[in-house]
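K.L.:
Model the following, please.
(3 chains)
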Amino acid sequence: MTITLTHFLIVSAILFSFGIYAVISRRNAIMVLMGIELILNSANINFLAFSRFGGMNIEGQMAAVFVIILAAAEAAVALAIVLNIYKRFHTVNVDEISFLKD
Amino acid sequence: MYEIIFYFFAAVTIGSAGVVVFSRNIVYSAFALFFTFFGVAGIYVLLNADFLAVTQLLIYVGGILVLILFGVMLTTNTVSVDIKAKSLNTLPAVSVVAALAGLLAGMIWTTDWFMSKNMSEITAQTTSKEIGSALITTHLLPFEVASVVLLVAIVGAAMMARRESVKTQISNSK
Amino acid sequence: MIPELKIALAILLLPLASFVLLIFFGKRFMDKAGHIGAAFLGLDLILALFTFGSRMGTEGKWDFTFTWIDFHTMVNNVPLKIDIGMMVDNLTAVMLVVVTLISFLVHLFSLAYMKGDIRYSRYYANLGIFTFSMLGIVLTNNYLLMYVFWELVGLSSYLLIGHWYEKKSASDASKKAFIVNRVGDLGFFIGIMIVWMQFSTLTFDGIFGAIGTGVIPFDSNTWLTAAGLLIFCGAVGKSAQFPLHVWLPDAMEGPTPVSALIHAATMVAAGVYLVARTFPMLTADALMVIAYTGAITAFIAASIAIVQNDIKKILAYSTVSQLGYMVMGLGVGAYSAGVMHLVTHAAFKAGLFLASGSVIHAMHNALHHQHDHHTDAQDVRNMGGLKSKMPFTFWTMLIFTLAISGVPLTSGFLSKDEILAGTLAFSHFTGHSIIPIIGFLVAGLTAFYMFRMLILTFMGEHQDKQRYDHVHESPFVMTVPLMVLAALSFFFFFSLNPISASHGWFFEKMTYPTVVVPAAAAATPTEEFVEEVHHQHTMAMVLSVGVSGLGILLAFVTYFWKKISADAFEKTLKPLHTFLYNKWYFDELYDATAVAAMMGIAKVLSWFDGAIVDGIVNGAGWLAKLVSNISSKFDSYVVDGAVNFIAYFAGLLGLSLRKVQTGKVQTYMILAIIGLMVLMAMYM
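P.N.:
Below is the predicted model:
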């Protein structure tokens, strides 16, 4: 059985679902960040798979390059935010930080 | 051979992603994340994206993962053994995610994907040269904007990480 | 890349290393920063001398070119790619020695002069980047890199002029220098673009080679002239030629050693260097314009220099005048003479500036002792009689003054003489006899005002006895550079024959480049021109010695023996004096024209904004107010009723939905995903 586009998409869908699960169910903000990284990776797999099987080799890869760039920037800023939150609330559990309610 | 490699990497990716998500210990999660990134890099190679695979290893494993580990170490009170990271609203989360996965799978199966005709054989051709020339020709503007974004991110991260400490220094000196 | 070029690359990069080291770690080194900078430049000078020595023994040139960007496309059947590289030929080798030597001496001199300055390390860092950019200009083999380094020179001169930026006049002067330079650079840039459009290459070899095979821009000699003149525009800006000469005198606000480095020997010489590099593609018309520009500049600046009282201003105008001389020399076709004057002038003018720096330094210290902060330390009228107090400075300055005045046995005599012979030959071929007339007139004026400065500064009586006692000779590090430069102002460094340079090594190595301009548009062929210069040489020599002697005599009669009262002359020729003293009102002219035009346009735009745009906006506002008055009546009765009802309804709804808002991000996320799934289900 040859490997087709569908195989890659399924892998990416599973990865995406895992990422979403981590984002919505874990308490620790750093776990949430890990979930975001999983989601970004699954999106990248999709980009590459479409560009590979859709016959436009370089365009999808370019998009993936920029996703990686943004992921790096996002990780740096998000961790800085998490550190700030930790300094202020002495916790990184997202369920305890519900100032948005007020 | 291609199939075996694909399944191997898919298994590594999904298995370790499962550990990342379901592990109770955040340190385990962080280490499992390494294997996930590694597996994804392997899948990139199978998709003819050698440059991106290397970039993935360099940036994710070398950069982001280290950052996350630092985050874990700086924010977790290791003395009081609170490394366990609990889940919350597990039931709604599981149901929502299961439904989402089902929908995605259904969509993937039912959609008639556009397929290029000349994709059948895998060409072992390096893409870094094309990416490089695309970055300074057709994608020059996004490339420059990305550099500005990175700069802003650096400045912003440095500002945020520093401001609090400056304040505490001042209050300490008083 | 051959080993010699690697050494040349090292010459280029050493000052940059000095800059990087000092700009980042300068504060750590405290007062050792200067020694570090000077050490780097000393090494640089040794390498440059080595390059010069090995260069002079060989033929042709060393060139290294590589393709920087290849677009893989063809334009006009020429591959579109950008070649850059570096080269060393005889002209470059000489310039390397000039730049590194002067820069090194200035580094040395500044050790004492800038001691205790608040931005001491910054100053040395800026000297480093300036030297780097200047070396870049002379080492490149293409217009692209040249333009890059050209702008870098502009930037670093901006930094150096504005070194004491707390002083309003200094920061104004740096801005003026930068902006005026930009005007010329714009022309330079357009010239480069014309060349690029036609030849798709920017290397000198590529361009001149293409012109040599008969390819000229748009198949028209006029366009070739235009390209040459536009490139010359860059030289007009950098070399302070009329009409862009106004920045250089103001630039004297910078520290005096900087004036020696930038505004005497190197940066302003860059323009002359550019003309020399571009020489092969200049048509007869372009050369004519260049010659006249140089002549006009030389005359205007010399006439202004006569009446100035600030020692640095006098030197500044004399620099402008001498630069005009060089440009005129190149313009009339005397290539070697123009370049030689560039080199000789670099030595003696840098010496003059450094000597004036030494004088100012001494005056400043003396005034400081007296706690006198009102007397101008740079005004020649406050000096006088310093000869016995500062013997080293006086004797070296005397040599420099003799050199610039063109007295035999000096280097200035040789080069000036050749230029004047060139102008005579030029008038012989073209009939433009005004050029040699201006040339000889300026030679006389130069001798006059330089000796006026020398006499007023060093001879006669000092007015203030107490101040005079406090004046001391400058320290060793300041006088050594002066002595080195004084030695270089003698003839034997340039030609063993004290009355003619044309058989010296300089003329032999600095041969005329092959002119590639089509014969129809070209100036007099080189061989005929050189032949004619030989015929005119004796006459030029006799005349130039005559007018210089006359100028010197007049200066002594007026200011030393005081047989003629300068004040009486000033009174009788009051309008002329005022006119010259105010620098021909160039600044005022530019204020009244260019600056005023800019302000005018700005005012018109502001009026347009205020009257028309605001009027429309106000009218719209008035109309809107009218409409809204009407609609408010409608609003308050009909709409409000409906709105209140809806608000009530929404409030009711909100009360029941309030429970969903937990403030927890993840709950929101679940809801968002449910929304996403609904959308997906709709499109499936």
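K.L.:
what's the burial count for C:His369?
P.N.:
The number of residues packed near C:His369 is 14, by other CB atoms under 10 Å in any protein chain shown. C-beta here means a position set from N, CA and C on the backbone, and glycine is covered the same way.
K.L.:
no, scratch that, I was asking about C:Glu527
P.N.:
Using other CB under 10 Å, C:Glu527 has 9 other residues around it.
K.L.:
Which strand or helix spans it?
P.N.:
Using DSSP states H and E, C:Glu527 sits in helix C:526-555.
K.L.:
List the buried residues in that helix.
P.N.:
C:526, C:529-530, C:532-533, C:536-537, C:540-541, C:543-545, C:547-548, C:551-552, C:554-555 (16 or more other CB atoms under 10 Å in any protein chain shown).
K.L.:
In the stretch 1-150 of chain C, where is pLDDT below threshold?
P.N.:
Regions of the stretch 1-150 of chain C meeting the criterion pLDDT under 70 cover residues C:76.
K.L.:
what about the strands in it?
P.N.:
Ranges of strands within the stretch 1-150 of chain C are C:62-75, C:78-88, based on DSSP state E, counting those that start in this stretch.
K.L.:
and the angle from the shortest one to strand C:62-75?
P.N.:
Spelled out, that is strand C:78-88. 170 degrees (axes from the mean of the first three to the mean of the last three CA atoms, to 10 degrees).
K.L.:
buried set for strand C:78-88?
P.N.:
Within strand C:78-88, judged by 16+ other CB under 10 Å, the buried ones are C:Ile82, C:Asp83, C:Ile84, C:Gly85, C:Met86, C:Met87, C:Val88.
K.L.:
can you pull up the bridge partners for the fifth one?
P.N.:
Same thing as C:Met86. Using DSSP bridges, the bridge partners assigned to C:Met86 are C:Phe64, C:Thr140.
K.L.:
That one and C:Thr140 touch, don't they?
P.N.:
Yes - at 5.8 Å, C:Met86 counts as touching C:Thr140 under the criterion of CB atoms under 8 Å.
K.L.:
Can you pull the phi/psi pair for C:Ile564?
P.N.:
Main-chain torsions, C:Ile564, degrees, to the nearest 10: phi -110, psi 130.
K.L.:
the bottom helix or strand of chain B by mean pLDDT?
P.N.:
None of the helices or strands of chain B scores lower by mean pLDDT, DSSP states H and E than helix B:140-173, at a mean of 76.
K.L.:
For the residue nearest the centre of chain C, which non-adjacent residue is spatially closest?
P.N.:
In chain C, the C-alpha nearest the mean C-alpha coordinate belongs to C:Lys238, at 3.5 Å (CA atoms, centre = their mean). Spatially, and ignoring its direct neighbours in sequence, C:Lys238 is nearest to C:Gly271 (3.9 Å; CB to CB, 6 or more residues apart in numbering or on different chains).
K.L.:
So which elements touch the helix or strand hosting that neighbour?
P.N.:
Per DSSP H and E: C:Gly271 is located in helix C:267-278. Here helix C:267-278 touches helix C:90-113, helix C:120-139, helix C:143-161, helix C:221-238, helix C:311-332, helix C:335-370, going by 3 or more CB pairs under 8 Å, 6 or more residues apart in numbering or on different chains; DSSP states H and E.
K.L.:
Alpha carbons only: can I get the third one in CSV?
P.N.:
When you say that, I think you mean helix C:143-161. The C-alpha coordinates for helix C:143-161 follow below in CSV (Å, rounded to 0.1, in the frame of the first residue of the first chain):
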residue,chain,number,x,y,z
TYR,C,143,30.7,52.3,-9.0
LEU,C,144,28.3,50.3,-6.8
LEU,C,145,30.7,49.7,-4.0
MET,C,146,32.2,53.1,-4.5
TYR,C,147,28.8,54.7,-4.0
VAL,C,148,28.3,52.6,-0.8
PHE,C,149,31.6,53.8,0.6
TRP,C,150,30.9,57.3,-0.7
GLU,C,151,27.9,57.4,1.5
LEU,C,152,29.8,55.9,4.4
VAL,C,153,32.3,58.7,4.1
GLY,C,154,29.5,61.2,4.2
LEU,C,155,28.1,59.5,7.3
SER,C,156,31.4,59.3,9.1
SER,C,157,32.2,62.9,8.3
TYR,C,158,28.8,63.9,9.7
LEU,C,159,29.7,62.1,12.9
LEU,C,160,33.2,63.7,13.1
ILE,C,161,32.0,67.2,12.3
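K.L.:
ok, now which ones touch the residue nearest to C:Lys238?
P.N.:
With contact set as CB atoms under 8 Å, 6 or more residues apart in numbering or on different chains, C:Gly271 has these partners: C:Gly234, C:Ala235, C:Val236, C:Gly237, C:Lys238, C:Ser239, C:Ala240, C:Gln241, C:Leu323, C:Val327.
K.L.:
Return the per-residue confidence for the residue in the stretch 501-650 of chain C positioned nearest to chain B.
P.N.:
Across the stretch 501-650 of chain C, no residue is closer to chain B than C:Ala650, which sits at 27.0 Å (CB to the nearest CB). For C:Ala650, the model assigns a pLDDT of 84.
K.L.:
How about B:Tyr44?
P.N.:
pLDDT, B:Tyr44: 91.
K.L.:
Could you do A:Met34 as well?
P.N.:
For A:Met34, pLDDT reads 90.
K.L.:
same question, C:His369
P.N.:
Reported pLDDT for C:His369: 78.
K.L.:
Around the nearest residue to it once chain neighbours are set aside, how many other residues sit close by?
P.N.:
Leaving aside its sequence neighbours, C:His369 sits nearest to C:His470 (CB to CB, 6+ apart; 4.4 Å). Counted with other CB under 10 Å, the neighbours of C:His470 add up to 16.
K.L.:
Residue of chain A closest to chain B, please.
P.N.:
Counting by CB to the nearest CB, chain A gets nearest chain B through A:Gly55, at 2.4 Å.
K.L.:
SS state for that residue?
P.N.:
coil (DSSP: H, G, I helix; E, B strand; the rest coil).
K.L.:
Burial check on it, number of neighbours?
P.N.:
Residues near A:Gly55, counting by other CB under 10 Å, number 13.
K.L.:
now do C:Thr213
P.N.:
8.
K.L.:
same thing with C:Gly651?
P.N.:
Neighbours around C:Gly651, by other CB under 10 Å: 9.
K.L.:
just the helices in chain B please.
P.N.:
Along chain B, the segments classed as helices by DSSP state H run B:2-22, B:26-46, B:50-55, B:65-75, B:90-110, B:128-136, B:140-173.
K.L.:
what does chain A give?
P.N.:
Under DSSP H, chain A gives helices at A:5-25, A:29-53, A:57-89.
K.L.:
Comparing those by mean pLDDT, which bottoms out?
P.N.:
helix A:57-89 (a mean of 86).
K.L.:
From the chain's centroid, how far away is that one?
P.N.:
The chain centre lies 9 Å from the centre of helix A:57-89; the measure is CA atoms, centre = their mean, to the nearest Å.
K.L.:
could you check whether that helix is close to chain B?
P.N.:
Yes - judged by CB under 8 Å from any CB of the partner chain, helix A:57-89 comes into contact with chain B at A:57-58, A:61-62, A:64-66, A:68-77, A:79-84, A:86-88.
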